[in-house]
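In: Let me see the structure of the following:
(one chain, ligands or ions: 1)
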Amino acid sequence: MSTFPRPVPEYGSEPFWAGCNEGVLRFQRCAACQKLRWHPAPICTYCQAEDCAWETIPGTGRIHTWTVITHPVHPGAVGKVPYVVVEIALDAQSDLRMISRLVECEPDEVTMAAPVEVVFEAHPDGQQLPLFRLRR
Ligand SMILES: [Zn+2]
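Out: Residues are numbered from 1 along each chain as shown. Sure, this is the predicted structure:
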């Protein structure tokens, strides 16, 4: 059975993926402007400073927007459609957004601003993947 491609930790994203394997979301916080950023990058997306520190953030947020994938565009998606791709507005910072997949619900259960929480699902190679589910 085919699966989605394995994420490849690279370009400085290794601490994020290591955090996932520990069951937490670990994001970069800029040392200059103090903003959290997604996704991992060598410079701050707000002020272009290079220095940052990694910190664990709460794995909670609200659905900012979503779409339902009904056509499998990758062989790994054949057995998974329909599934929901969400943009999460993370609670850690008002303008912090993360794209992920919503699990443990049907597509018609999704609503704007619904509260969600991160869950981790192992890729067949062992890397934990950050997904979200509705907070009920
Ligand atoms: Zn900055």
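In: Could you list the domains of the chain?
Out: Domain assignment for the chain, taken from automatic domain parsing, gives 8-57, 58-136.
In: SS state for residue 17?
Out: What DSSP: H, G, I helix; E, B strand; the rest coil gives for residue 17 is helix.
In: Residue 114 versus that one, what's the distance?
Out: Taking C-beta to C-beta, to the nearest Å as the criterion, residue 17 is separated from residue 114 by 27 Å. In this view, the C-beta of every residue, glycine as well, is placed from N, C-alpha and C.
In: How about the residues of this protein by the ion?
Out: Counting by C-beta under 5 Å from the ion, the chain comes close to the ion at 30, 32, 33, 44, 46, 47, 49.
In: The closest residue to residue 50 other than its chain neighbours and residue 49, how far apart?
Out: In space, not counting the residues next to it along the chain, residue 50 is nearest to residue 43; the distance is 5.4 Å by C-beta to C-beta, 6 or more residues apart in numbering. Taken as C-beta to C-beta, the spacing of residue 43 relative to residue 49 amounts to 7 Å.
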